[in-house]
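Q: give me a 3D structure for the following:
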Amino acid sequence: MSYYQKHVFFCTNQREEGAECCNNIGAQWMRDYVKDKVQALGLSNETNHIRINSAGCMNRCDEGPVLVVYPEGVWYTYMDESDLDEIIVEHLQNGRVVERLKI
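A: Predicted coordinates:
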């Protein structure tokens, strides 16, 4: 069994200026938003064990910004806080994949 119930990785890669990458679309800020929200909801405690992490390039820049939720291996794209809130509530809290954001 995995230590974390869910492990979320955000691509926060920053490439050279002008190159397509997730961090050009605010990925680090969005990752911080989700981490704060998950902590505020009590989802990162010893019972729920949900971990939010940054990752380097995940080679899906053309679909970005992207994140992946393990152990399911579900990839998402998102545009704003409401998309992320939906992923938090539906997937992280209730275990339901958000089909409209799934890659």
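
Q: which strand or helix spans the closest residue to Pro71 other than its chain neighbours?
A: Once flanking residues are discounted, Pro71 sits nearest to Ser2: 5.7 Å by Cβ to Cβ, 6 or more residues apart in numbering. In this view, the C-beta of every residue, glycine as well, is placed from N, C-alpha and C. Secondary structure from DSSP states H and E places Ser2 outside every helix and strand.

Q: so how far is Tyr70 from Ser2?
A: Shown here: Ser2 relative to Tyr70, a distance of 8 Å by Cβ to Cβ, to the nearest Å.

Q: what do you get for Ala40?
A: As judged by Cβ to Cβ, Ala40 and Tyr70 stand 22 Å apart.

Q: quick one: which of the two has more around it?
A: Tyr70 (13 against 9; other Cβ atoms under 10 Å).

Q: what's across from that one in the sheet?
A: Beta-bridge pairing of Tyr70 under DSSP bridges involves His7.

Q: distance of it from Glu99?
A: 18 Å.

Q: ok, now Tyr78?
A: To Glu99, Tyr78 is 14 Å away according to Cβ to Cβ.
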